[in-house]
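In: here is my input, please return the structure:
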Amino acid sequence: MNTLEQLAQTIATRKSADPDSSWTAKLLSKGPEKCAEKFGEEAIEAIIAAAKGDRDNLTYEAADVLYHLLVLLEASGVALEDVLSELERRQGKSGIAEKAARS
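Out: Presented below is the predicted three-dimensional model:
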């Protein structure tokens with residue numbers, strides 16, 4: 001099991017925790033909309049760090065983005081395994097061809 005899978009499992013178990021004692025439980029208790037908003041905020045912070053060429057801060061913010069994405073997936077009932085399967089399905093395909101196939 002890799003780090004992302006472990007984190008996804010931790011997030012799933014925190015869903016039933018007391019929101020006063022767990023940041024993850026607090027986010028999840030507010031529903032998918034709030035989780036999406038928080039994910040967006042973290043993504044913007046990562047974009048700013050990248051635009052500034054701040055490698056250390058980008059690393060920190062990228063970790064926040066991944067964590068908040070996993071929280072959003074949990075809040076929305078989407079398993080990390082499903083996302084990984086979709087990435088695997090796309091493996092070896094041209095991004096241009098994959099996008100054209102969606103149209």
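
In: can you tell me the element the residue positioned nearest the centre of the chain falls in?
Out: With distances taken as CA atoms, centre = their mean, the residue of the chain nearest its centroid is Leu69 (1.5 Å). Using DSSP states H and E, Leu69 sits within helix 55-76.

In: list of residues touching that helix?
Out: The contact list for helix 55-76 (CB atoms under 8 Å, 6 or more residues apart in numbering) reads 4, 7-8, 11-12, 15, 24, 27-28, 31-32, 35-36, 38-39, 42-43, 45-46, 49-50, 79-80, 83. (Each C-beta comes from the backbone N, C-alpha and C, glycine too.)

In: rerun that using 6 Å as the cut-off
Out: Residues from elsewhere that reach helix 55-76 (CB atoms under 6 Å, 6 or more residues apart in numbering): 7-8, 11-12, 27-28, 32, 35-36, 38-39, 42-43, 45-46, 49-50.

In: same thing with stretch 42-49?
Out: 57-58, 61-62, 64-65, 68.

In: tell me the mean pLDDT for it?
Out: For stretch 42-49, mean pLDDT rounds to 98.

In: mind listing what's buried along it?
Out: By 16 or more other CB atoms under 10 Å, the buried positions in stretch 42-49 come out as 42-43, 45-46, 49.

In: adding distance to Gly95 and secondary structure, write these out as TSV.
Out: What follows is the buried residues of stretch 42-49, written out as TSV (distance: CB to CB, whole Å; DSSP: H, G, I helix; E, B strand; the rest coil):
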residue	distance to Gly95	secondary structure
Glu42	24	helix
Ala43	20	helix
Glu45	26	helix
Ala46	21	helix
Ala49	24	helix
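
In: identify, from those residues, the entry nearest to Arg90.
Out: Ala43 (20.7 Å; CB to CB).

In: how close does the closest one get to Val65?
Out: Note on Ala43: its distance to Val65, by CB to CB, to the nearest Å, is 5 Å.
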